[in-house]
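S.K.: just a sequence and a predicted model for now, questions to come.
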Amino acid sequence: MNSESNTSALRLSLPVLFGYIPLGAAFGVMFSELGYHWLYATLMGVVIYAGAGQFLAVGLLANHAGLVEVFVATLLLNARHMVYGLSLLSSLKLSGSRRWYLIYALTDETYSLLTMLRTSCETLRSRLQFRIAALNHLYWVMGCTLGAWVGGQIEFSTAGIEFTLPALFLVLAIEQYRAVRRPRIFFLALVIGALALLISPDNMLMLSIALAVSLLIMAKGGVEWTRLRIF
Amino acid sequence: MDTTAYLLSVIAVAAVATFLTRALPFLLLYRWAEHPMLKHLGRYLPPVLMVLLLMYALKDALVTGTQLLPSLAALAVVTVLHLLLRNPLISILSGTGLFMFLTQTGLLG
């Protein structure tokens, strides 16, 4: 059973290999633009291990953002992970350090692979869960390292590579639109962002996030109140 | 703070924040998983945040107008490719490639 779970974890994770190496490498090349040693890209791949989160970190580093801003922005960007955790609560039977490692390594891609596991044998499933998480982590770290190392060597100009960041957020926004389909929400976000840019470009991110969260809470509050009145 | 210390602090903070988002449901959130406010935020915060992050990433172009045209052209390419092919890697790399080409050659300013 041991070798069986080995091969199937490898086979299941192959699509992630082809996604993580280029995406990790794109992060690495972008990170190398900042002028730090490539080993720090490896470190980020190991300890942060979040695609969009690491791209955002490069943007924040380039803007010399404050640590509070880094914390809040990363927390909110990755807030979607909470939903993954909630839906895995029942199927995660690992215990101890392996359990915590799996939680630590729960990326979008790992989550989607874990939801596809159909085996009814609990031991086998736990073993597969752990191996898939570890393999995906390895691919990501390889990609980050490769990109940062190559980025420091290559001859042609990489000026403009930082556009990967807005491109990624645009793709994620389009995906969100496919899932949510509420044009008003997107329009509201544009207005809030523009307002924050007008008030204070330096604090744009914190300001707009605070505004958006308060507005969303107030909107929900309004609905709750009307419900109370009706019933 | 020197630059290496700053980099290491940012990495540490980003790592802790990322781990928190993954660990919170397992630590305490399952009690409130069905809370309407949490569900509401979980549904609408991500789309709002993506738009805000997109604007944040384009802050300089939006505020000063530098590289605004190349940015808009590249964003258009990303949008069209992503609507057609729905392959994030192709959309991102094509848009970035176009942006690099336009800014390095000085086409569109």
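M.R.: Perfect, thanks for sending it. In this text the structure is predicted, and so the values were computed from the model without any measurement.
S.K.: in chain B, where is pLDDT below threshold?
M.R.: Low-confidence segments of chain B, defined by pLDDT under 70, span residues B:1, B:29-34, B:109.
S.K.: in it, where's the longest helix?
M.R.: Assignment by DSSP state H gives helix B:3-27 as the longest helix of chain B.
S.K.: can you list the buried residues in that helix?
M.R.: Buried residues in helix B:3-27, counted by 16 or more other CB atoms under 10 Å in any protein chain shown: B:7, B:10-11, B:13-15, B:17-26. Bear in mind the C-beta positions are built from the backbone N, C-alpha and C, glycine included.
S.K.: likewise stretch A:28-38?
M.R.: By 16+ other CB under 10 Å, the buried positions in stretch A:28-38 come out as A:28-33, A:36, A:38.
S.K.: could you pull out the helices for chain A?
M.R.: All helices of chain A, identified by DSSP H, fall at A:2-32, A:38-47, A:51-62, A:67-77, A:80-88, A:96-104, A:108-116, A:122-153, A:164-180, A:183-199, A:204-230.
S.K.: so how far is the first one off the chain centroid?
M.R.: Taking the mean C-alpha point of helix A:2-32 and that of its whole chain, the gap between them comes to 15 Å (CA atoms, centre = their mean, to the nearest Å).
S.K.: on contacts alone, who are the packing partners of it?
M.R.: Helix A:2-32 is packed against helix A:38-47, helix A:51-62, helix A:108-116, helix A:122-153, helix A:164-180, helix B:88-105, with contacts defined by 3 or more CB pairs under 8 Å, 6 or more residues apart in numbering or on different chains; DSSP states H and E.
S.K.: lowest mean pLDDT across the ones you listed, which one is that?
M.R.: Looking at those, the lowest mean pLDDT belongs to helix A:108-116 (a mean of 77).
S.K.: which ones are touching the closest residue to residue A:75 other than its chain neighbours?
M.R.: With CB to CB, 6 or more residues apart in numbering or on different chains as the criterion, residue A:75 has its nearest non-adjacent residue at 4.4 Å, and that residue is residue B:17. Listed by CB atoms under 8 Å, 6 or more residues apart in numbering or on different chains, the contact set of residue B:17 reads A:53, A:70-72, A:74-75, A:78.
S.K.: lowest-confidence one in the residues you listed?
M.R.: Within these, pLDDT is lowest for residue A:78, at 85.
S.K.: for that one, grab phi and psi.
M.R.: Phi and psi for residue A:78, reported as degrees, to the nearest 10, are phi -90, psi 10.
S.K.: which one of the helices and strands packed on helix A:2-32 lies closest to residue B:43?
M.R.: For the helices and strands packed on helix A:2-32, proximity to residue B:43 was assessed by CB to CB; helix A:164-180 is nearest, at 7.0 Å.
S.K.: and that closest one, how far out from the chain middle?
M.R.: 12 Å.
S.K.: so who does the closest residue to residue A:40 other than its chain neighbours touch?
M.R.: Excluding its sequence neighbours, the residue lying closest to residue A:40 (CB to CB, 6+ apart) is residue B:7, at 6.2 Å. Contact partners of residue B:7, counting by CB under 8 Å, 6+ apart, are A:36, A:40, A:61.
S.K.: give me the neighbour count for the residue of chain A at minimum distance from chain B.
M.R.: Nearest residue of chain A to chain B: residue A:85, at 3.1 Å (CB to the nearest CB). By other CB atoms under 10 Å in any protein chain shown, the residues close to residue A:85 number 22.
S.K.: residues of stretch A:205-220 that come out buried?
M.R.: Applying 16+ other CB under 10 Å to stretch A:205-220 flags A:205-209, A:211-212, A:216, A:220 as buried.
S.K.: can you narrow the residues you listed down to the ones near chain B?
M.R.: With CB under 8 Å from any CB of the partner chain as the criterion, those include A:205, A:208-209, A:212, A:216, A:220 near chain B.
S.K.: hmm, back to that, which one of the buried residues of helix B:3-27 sits closest to residue A:23?
M.R.: residue B:18 (16.1 Å).
S.K.: no further questions, thank you.
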